[in-house]
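Peer 1: Here is my input; please provide its structure:
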Amino acid sequence: QLQLAATGGGLVQPGGSLTLSCQGSGFNLDRTGYPIAWHRRAPGKDYQTISCISGSDDFTYYADSVKGRMTTSRGDAGNTVYLKMNNLKPEDTGVYYCVPHNQCAQFGPGVRIWSSWGQGTQVTVSS
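Peer 2: Here you go, the predicted model:
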């Protein structure tokens, strides 16, 4: 089953930084050209869209709650998508997932291409 794997999470103090990575499990992410979105699921809450990056021109979208603090980008080889997170807050705590969508536009990501959320990574922001 094709899926994406998010890695790089951990425990960090408020104000700290983390960089998450997203790679294809068993396939080359760059060859798909999929727009990729980052989502977060906090305990007891629904999935929240954090950001997305287009598959072609690297257009990016960010939720208002993370603008200026988080940056999503593609690696030079194209097989990895990153989410660099600065000035982390306790409300950023949750499991982060990277998921392919049909588009990334000004309103955010479109529909998910796959039903599976893939492998997430836990981010805990706490003192």
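Peer 1: From the contact counts, what lies against the helix or strand that contains Cys52?
Peer 2: Element membership of Cys52, judged by DSSP states H and E, is strand 47-53. Judged by 3 or more C-beta pairs under 8 Å, 6 or more residues apart in numbering; DSSP states H and E, strand 47-53 is in contact with strand 36-41, strand 60-62, strand 70-74, strand 80-85, strand 94-100, strand 108-109. Placement of C-beta: from N, CA and C, glycine included.
Peer 1: now it, how far from the centre of its chain.
Peer 2: 6 Å (C-alpha atoms, centre = their mean, to the nearest Å).
Peer 1: For that strand, which outside residues touch it?
Peer 2: Strand 47-53 has contacts (C-beta atoms under 8 Å, 6 or more residues apart in numbering) with 35-42, 59-63, 66, 70, 72-74, 81, 83, 94, 96-97, 101, 104, 108-109, 117.
Peer 1: So which bits of the lowest-mean-pLDDT helix or strand in the chain are buried?
Peer 2: Least confident element among the helices and strands of the chain, by mean pLDDT, DSSP states H and E: helix 29-32 (a mean of 70). Neighbour counts over helix 29-32 (16 or more other C-beta atoms under 10 Å) mark Leu29, Asp30 as buried.
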